[in-house]
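Visitor: Show me how the following folds:
(one chain, ligands or ions: 1)
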Amino acid sequence: MGIFRRLKFWYTADRIGPDIPLTHWMLHFKAMMRFLCTHRFDNFGEQSEFRPYAFAVACSNIRIGSRVVIRPGSFLITEPKDCGTGITIEDDVLMGNNVHIYTANHNFDRIDIPIIDQGHYQSRGVVLKKGCWIGANSVILPGVTIGQNCVVGAGSVVTKSFSNNCVVAGNPARMIRSIPSTTNKPEIKETAESAVISCAVLQAHSRA
Ligand SMILES: CC(C)(COP(=O)(O)OP(=O)(O)OC[C@H]1O[C@@H](n2cnc3c(N)ncnc32)[C@H](O)[C@@H]1OP(=O)(O)O)[C@@H](O)C(=O)NCCC(=O)NCCS
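Guide: Reported below is the predicted structural model:
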């Protein structure tokens, strides 16, 4: 590809990531990051961040709610809107580093032609519902919905959907337990010392 065609591709590509250097640098500056993300994504909510060294493909079919941070090493890979419903990440979803989300599989029904030439199965959307937490290095596969307030353990491969308020982990991810309603839980009183510790942890976390 000639240099001008390459530059045009970088400028117009429906994607963000280190492989698109013309826009990737913008992720290092909050205002520029917001400008890029609100223009590229179908939706990009208040206080959300898309950090350098994360990738998104077919951004126009990805919706990111408010207070969501997409951390370095994460991959949001989907197809254009006419191929399926894409990826929806609702408000307050917490994601560790290196979370991979995919919405389509290669077709592999034929044995007489290479998989690379067989195209894709119909894309199936992924939804991360409000307030769930996806542990680092997890892989979320096509068609999966993670329920509200669910926790996905680090390194999980999630092959099917889970309803609200449960902890899932492993490969394939299985439910470890459900999260009981908070109404029966004793109130947790924060001491001055624990407040300082949790504050330091939060600050370190927001820099990660
Ligand atoms: C899932 C998690 C939150 C712990 O949940 P928990 O309900 O307290 O689970 P427990 O530690 O009591 O473990 C319960 C069982 O699940 C297993 N388990 C816990 N986390 C697991 C994981 N990530 N993968 C596989 N199994 C896991 C434990 O080994 C244990 O199994 P056992 O009953 O056979 O001994 C935690 O292990 C985890 O994965 N945290 C993610 C951390 C992360 O990615 N941080 C990124 C920063 S945003």
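Visitor: Could you tell me how many residues sit around Asp112?
Guide: For Asp112, the neighbour count with other CB atoms under 10 Å is 4. Where C-beta positions appear, they are placed from N, C-alpha and C, glycine not excepted.
Visitor: Relative to Gln118, how far out is it?
Guide: 10 Å (CB to CB, to the nearest Å).
Visitor: Asp42 now?
Guide: 28 Å.
Visitor: Stretch 68-79: which residues count as buried?
Guide: Neighbour-count burial for stretch 68-79, counted by 16 or more other CB atoms under 10 Å, picks out 68-71, 73-79.
Visitor: Other residues contacting that stretch?
Guide: Outside of stretch 68-79, the residues within contact range by CB atoms under 8 Å, 6 or more residues apart in numbering are 45, 48-58, 61-62, 64, 84, 86-87, 89, 91-104, 120, 123, 125-126, 206, 208.
Visitor: ok, and of those residues, which contact the ligand?
Guide: Restricting the contacts of stretch 68-79 to those touching the ligand (CB under 6 Å from any ligand atom) yields 94, 96.
Visitor: Just the buried ones from the contacts of stretch 68-79?
Guide: Looks like the contacts of stretch 68-79 have 45, 48-52, 54-58, 61-62, 64, 84, 86-87, 89, 91-104, 123, 125-126 buried, using 16+ other CB under 10 Å.
Visitor: In strands, which of these appear?
Guide: Using DSSP state E, the subset of those located in strands is 49-50, 55-57, 62, 64, 87, 89, 94-95, 100-102, 126.
Visitor: The ligand: which of these is nearest?
Guide: For those, the minimum distance to the ligand (CB to the nearest ligand atom) is 5.7 Å, reached by Leu94.
Visitor: Which residues are in contact with the closest residue to the closest one other than its chain neighbours?
Guide: Spatial nearest neighbour of Leu94, excluding adjacent residues (CB to CB, 6 or more residues apart in numbering): Trp133 at 4.3 Å. By CB under 8 Å, 6+ apart, Trp133 lies in contact with 93-95, 150-152.
Visitor: Let's have these in CSV, adding pLDDT.
Guide: Below are these laid out as CSV (pLDDT from 0 to 100):
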residue, pLDDT
Val93, 98
Leu94, 97
Met95, 98
Cys150, 98
Val151, 98
Val152, 98
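Visitor: how many other residues sit next to Tyr11?
Guide: Per other CB under 10 Å, the neighbour tally for Tyr11 reads 10.
Visitor: Tell me how far the residue lying closest to Lys160 once chain neighbours are set aside lies from Cys132.
Guide: In space, and not counting its chain neighbours, Lys160 is closest to Val144: 6.5 Å by CB to CB, 6+ apart. Distance, Val144 to Cys132, using CB to CB: 11 Å.
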